[in-house]
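**Q** let me see the structure of the following:
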Amino acid sequence: MGQPSVPPPLLAPAPSPPQGGAGGCQVRCAGCRMILTVGPGLMEFVCPTCQLPQMLPPELMRAPNRTAPAHGIDPTKIQLPCANCKAILNVPHGLSRFACPQCGVDLAVDVSKIKNFFPPPPPPEEVNEVAIEVEREEDEGGMVGETFTDYRPPKLSIGPPHPDPIVETSSLSAVQPPEPTYNLKIKDDLESSKALSCLQIETLVYACQRHLQHLQNGARAGFFVGDGAGVGKGRTMAGLIWENWHHGRRKALWISVGSDLKFDARRDLDDVGAICIEVHALNKLPYSKLDSKSVGVREGVVFLTYSSLIASSEKGRSRLQQLVQWCGPEYDGLVIFDECHKAKNLIPEAGGQPTRTGEAVLEIQARLPEARVIYCSATGASEPRNLGYMVRLGLWGVGTSFSNFRDFLGALEKGGVGALELVAMDMKARGMYVCRTLSYKGAEFEVVEVPLEAKMMEIYKKAAGILGRLWRLYWANHQRFFRHMCMSAKVPAVVRLAKQALMENKCVVIGLQSTGEARTEEAVTKYGLELDDFISGPRELLLKFVEENYPLPEKPESLPGEESVKELQRKRHLATPGVSFKGRVRKVAKWKAASDGESDEESETDSEHESTESDDEFQICEICSSEEERKKLLQCSCCGQLVHPACLVPPMIDAVSGDWSCHSCKEKTDEYLQARHAYVAELLKRYEGAMERKSKILEIIRSLDLPNNPLDDIIDQLGGPDKVAEMTGRRGMLVRASGGKGVTYQARNTKDVTMEMVNMHEKQLFMDGKKLVAIISEAGSAGVSLQADRRVVNQKRRVHITLELPWSADRAIQQFGRTHRSNQASAPEYRLLFTNLGGERRFASIVAKRLESLGALTQGDRRAGPTLSAYNYDSTYGKRALMVMYRGIMEQDSLPVLPPGCSSEKPDTVQDFILKGKAALVSVGIVRDTVLGNGKDSGRFSGRIVDSDMHDVGRFLNRLLGLPPEIQNRLFELFVSILDLLIQNAHIEGNFDSGIVDMKANIIELQGTPKTVHVDQMSGASTVLFTFTMDRGITWEYASALLDEKQKDGLGSADDGFYESKREWLGRRHFLLAFEGSASGMYKVFRPAVGEALREMPLKELKNKYRKISSLEKARSGWEDEYEVSSKQCMHGPNCKLGDFCTVGRRLQEVNVVGGLILPVWGTIEKALSKQARQSHKRLRVVRIETTTDNQRIVGLLIPNAAVESVLHDLAWVQDIDD
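**A** Alright, predicted model coming up:
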């Protein structure tokens, strides 16, 4: 082949005369495809890389009349060769037609071919692997260090310190609230009574101060108390009511979740000294006017629940209307939305409807524009869409950068978790938000995985086997059943942990979601009040399911008795043609007499009656054909023929006409009856067979040793109701009889305690130490305090065991908050239990997701709450992993990882897994429309997975529960390993959203004075651009000291020490120090220029890329040299295409962070970043940076150096608009 292959032309020349140009041009070498610059006037040259002699293409030699300067490669554009002169052009993205500046030919970009061409593979020696590695490590950003800092009110010093350690997330603590200007009227009372701590007083001041402001739409501004569970929000609310009372605002609305909390409200008001303020429970009041003579509520606190906010009476009067009327249009008192996350779902996910509660919350705010609104919730802002009803915060709407809530939500969802954290910081800086959390210091979290016991494993397998076929239609039951099984599997562990805690002189709180009350009540109705043993929830669920849904044929009617033979004959006869006219007429007459037909039919019948009568003279015997003895003629009741009784053989003397039927008719009837008998018998056989099968299944279900209702089981094993306080929503329970034989059903309350107060009564027994185990369900525990309170008798340490993680993490946090509250003698220990069944991790995954983002807004910082993120599957990466897995199993794509239990040497193990996996997905209804193949595909399924299921991680994990444990866990492991791979790739590509990232370096200093780039009119808070210089390097002295220390302790491994890269780049090798890290075979890596790397390197990779240096002197000179060089340039060397803006592997670097108020300038910054060249620079990244000199902490958006100009330019423009 003499002709070098030319790449397919991407730029097709548009027809026009070619004009050549010289003057130095760039061409691609025909041999090694390097881009070469050829000097002006040169026609022939030799490639310096591959030594191939070659000539310029003729187009470039012709007319040396045009020159275009060569600019080098512009990294922000695509490099494409001109189809005519072969010059390499920098083409802006999206430009499709242009003229070549070199030869003037009109060109068009052929989009279809760009993919094969772009990007050009660089020659191997150009890629600096170490630089790529370092860039990857830098992009992962620093791990966030301590996530909480101790909290003290920064600008107020009234009141005693809080009784427990209180913390704030470190991102929020980087923000200062505005100056307090409001003077409390009740300040002196509070200072003498010490009823509120300095934190609570701070909330009062900022809330009252904020209530003096109005939003741009004219409504009064609202305040958001985001304090965590147990910080003492109730008492703070009472303080606010008391303060407003002193200003003559004598009415207040307090809206909460449960009517029991009214007692707490009363207690809180008494605590702050507001004994004279009455609390009226709205549900005990009539629907008439509240201030009328009959009701007489003139002032005080009206306490109501969210459900009564949407209630109305039979006559159509609504509570909402009643409240608005009581307050009056000019009302400027308090409206407190306590636990306001209950108003969520106001802005539903796509396609849903907003809830009525959410709408009512909005309406009452709209109808009382001057009201002083307080939003109060520990978990209110964990999902941005739950902010939808907080209209008085003024985060969107007139005068903000988001015209409505949808825009605001869109921006947050794009910004990821970091964005939520910024919103929290913004709200704090503007003085409308406080968010402190009880320190979880001292609280211990332990995720306890409970392996299924062998017996349980067997039951589970059987259940999955039998039921696989039954469930198809009823997935909700399927999920409930297996969820129940998972729960019961944990009972032995719960009992063990509880007994152990009691032995250690602690007390126990057990949290679960469902009490199984519905199943118990059904069983009691079915079997009576006295039973042999506790009800098994799964068993009852199955029995009921089979009873109601087992397909049975209809039960046949029994055979007709003798008396209806005539009826039969008559019916048969009616259907037989060829019967004499008279007979049929007579029959018609008989039939019609009884019927009440239409008039025309009647008349027809009448005329026929007449003809029959006049027919009398023709009556003759069919046998002897004589007309004698007409009176004695017998008529066959079926065919109607007449005979003399004497003519019959044998003669029938006393037969009565009408009852008798002739021989042929009788024969036919008997035949018919016989056939009919056989048919009915067959039906009956089928029916009985089905009944037998049904009762067999019921038998099997009864014989399956299915577990009992966990709630009753636990109470029984821990000593019965006398030892266990139960706070749940159920009305009755099963109790073991005193003799130990059998159980009886009884109501939970006694005659001294009403059903309404039974939970309060049980709580009291627990807090007084009369019972040392409490079981709480969600329904029974809203707002209940069970901590080791210093004011109660039972101050033993609480061990809080969750048997079931709630469906949503908001609830999980609420449940954790029952035992972890202010003024406690000790912090609780948490034990989160789940089984080792893949599917069950599903529930943990949901909670993890919520805990993570809960960390985010409620706690400004998502590494706040306890960490469960190892179990978060329902994320965008989870959805992607699921799709990859499904495509792999359906053989539309290859699987990116080896399935568990398979080996790459034996491809048939993979095939076998795919077959099993597909069959499993078919059996739980994820693969639909299945067809079994034949011929060469025999034994294989084909089918499809509908689009909506492709991304539905929840459905996958739910259905997974119904598979036998072995395949269930293998599928689950496959899913998780694909997920890990995707996340790892996202880290490498630099687009993994990890919330706030810590910028770490040995020396961080603020450079110059920060620039104020924007000021918020209402609160005066500003947006500021900070510039820091960072030195990330490690000196030789420090590095060698690290190694010495490691070796001195005798902990080192043989591979610890200094390494150099095996290859040279730009004439130099890279050095690093490595020693064994947290796990064996993984090494911690320190580099001279960038310090410690986040990622630990596997030994195999380390040995592959680097070699150990034995001579310390050599290591030292290499290390010091790299330390020096890296202060001025990046790892790509002096010719890096980003030039000074590149920071990869640079020891000294400049970092720009926009801090302060971010929301008002969000859009501007996002726009500026979207124009950046590098993928990792386009993302909004929230960082935290702390100066090493004076420990000043800033949290804000990182602005890549290359983008600073354009951000400032755009912000100045924002500023002009505002002025």
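**Q** low pLDDT regions in the stretch 701-850 of the chain?
**A** Where the stretch 701-850 of the chain drops to pLDDT under 70, the residues are 782, 805-813, 838-850.
**Q** please enumerate the strands of it.
**A** Counting by DSSP state E, counting those that start in this stretch, the stretch 701-850 of the chain has strands at residues 724-727, 732-736, 743-747, 773-777, 798-802, 829-835.
**Q** and the ones you listed as a markdown table, adding mean neighbour count?
**A** For the C-beta atoms, the positions are set from N, CA and C on the backbone; glycine is no exception. Supplementary listing: those in a markdown table, determined by neighbours: other C-beta atoms under 10 Å:
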| stretch | mean neighbour count |
| --- | --- |
| strand 724-727 | 24 |
| strand 732-736 | 20 |
| strand 743-747 | 15 |
| strand 773-777 | 25 |
| strand 798-802 | 25 |
| strand 829-835 | 23 |
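**Q** can I get those strands in JSON lines with distance to Leu706?
**A** Shown next, in JSON lines, are those (distance: least, C-beta to C-beta, whole Å):
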{"stretch": "strand 724-727", "distance to Leu706": "23"}
{"stretch": "strand 732-736", "distance to Leu706": "16"}
{"stretch": "strand 743-747", "distance to Leu706": "16"}
{"stretch": "strand 773-777", "distance to Leu706": "21"}
{"stretch": "strand 798-802", "distance to Leu706": "23"}
{"stretch": "strand 829-835", "distance to Leu706": "16"}
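**Q** and these: which comes nearest Ser904?
**A** Each of those was checked against Ser904 via C-beta to C-beta, and the shortest separation belongs to strand 829-835, namely 30.9 Å.
**Q** same for that closest one, what does it pack against?
**A** strand 444-450, helix 475-489, helix 491-503, strand 798-802, helix 841-857 (3 or more C-beta pairs under 8 Å, 6 or more residues apart in numbering; DSSP states H and E).
**Q** let's see that with 7 Å instead.
**A** Helices and strands touching strand 829-835, by 3 or more C-beta pairs under 7 Å, 6 or more residues apart in numbering; DSSP states H and E, are strand 444-450, helix 491-503, strand 798-802, helix 841-857.
**Q** that strand to helix 475-489, inter-axis angle?
**A** Here strand 829-835 points in a direction 120 degrees away from that of helix 475-489 (axes from the mean of the first three to the mean of the last three C-alpha atoms, to 10 degrees).
**Q** so which of the strands of the stretch 701-850 of the chain comes closest to Cys624?
**A** When the strands of the stretch 701-850 of the chain are ranked by proximity to Cys624 (C-beta to C-beta), strand 743-747 comes first, at 81.7 Å.
**Q** can you state the direction angle for the closest one and strand 732-736?
**A** Using the same axes, to 10 degrees: strand 743-747 against strand 732-736 is 150 degrees.
**Q** just the C-alphas of strand 743-747, formatted as PDB.
**A** What follows is the C-alpha trace of strand 743-747 in PDB, where atoms were taken according to Å, rounded to 0.1, in the frame of the first residue of the first chain:
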ATOM      1  CA  VAL A 743     -53.900 -16.900  74.900                       C
ATOM      2  CA  THR A 744     -56.800 -14.600  75.300                       C
ATOM      3  CA  TYR A 745     -57.700 -11.300  73.600                       C
ATOM      4  CA  GLN A 746     -58.300  -8.400  75.800                       C
ATOM      5  CA  ALA A 747     -58.500  -4.600  75.600                       C
END
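**Q** what packs against it?
**A** Here strand 743-747 is seen to pack against strand 732-736 when contacts are counted using 3+ C-beta pairs under 7 Å, 6+ apart.
**Q** return the list of helices and strands in contact with the strand it packs on.
**A** Applying 3+ C-beta pairs under 7 Å, 6+ apart, one finds that strand 732-736 contacts helix 710-717, strand 743-747.
**Q** now tabulate those in a markdown table and tack on distance to Tyr389.
**A** Putting the helices and strands packed on strand 732-736 into a markdown table (distance: least, C-beta to C-beta, whole Å) gives the following:
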| stretch | distance to Tyr389 |
| --- | --- |
| helix 710-717 | 35 |
| strand 743-747 | 39 |
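**Q** closest to Tyr830 out of the ones you listed?
**A** Scanning these with C-beta to C-beta as the criterion, the closest one proves to be helix 710-717, at 17.5 Å.
**Q** tell me which strands and helices that closest one is in contact with?
**A** In this structure, helix 710-717 makes packing contacts with helix 491-503, strand 507-512, strand 732-736, strand 773-777, judged by 3+ C-beta pairs under 7 Å, 6+ apart.
**Q** using JSON lines, lay out the ones you listed together with distance to Val335.
**A** Supplementary listing: the helices and strands packed on helix 710-717 in JSON lines, determined by distance: least, C-beta to C-beta, whole Å:
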{"stretch": "helix 491-503", "distance to Val335": "42"}
{"stretch": "strand 507-512", "distance to Val335": "32"}
{"stretch": "strand 732-736", "distance to Val335": "39"}
{"stretch": "strand 773-777", "distance to Val335": "30"}
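**Q** and those: which comes nearest Glu1122?
**A** Ranking the helices and strands packed on helix 710-717 by their distance to Glu1122 (criterion: C-beta to C-beta) puts helix 491-503 first, at 54.0 Å.
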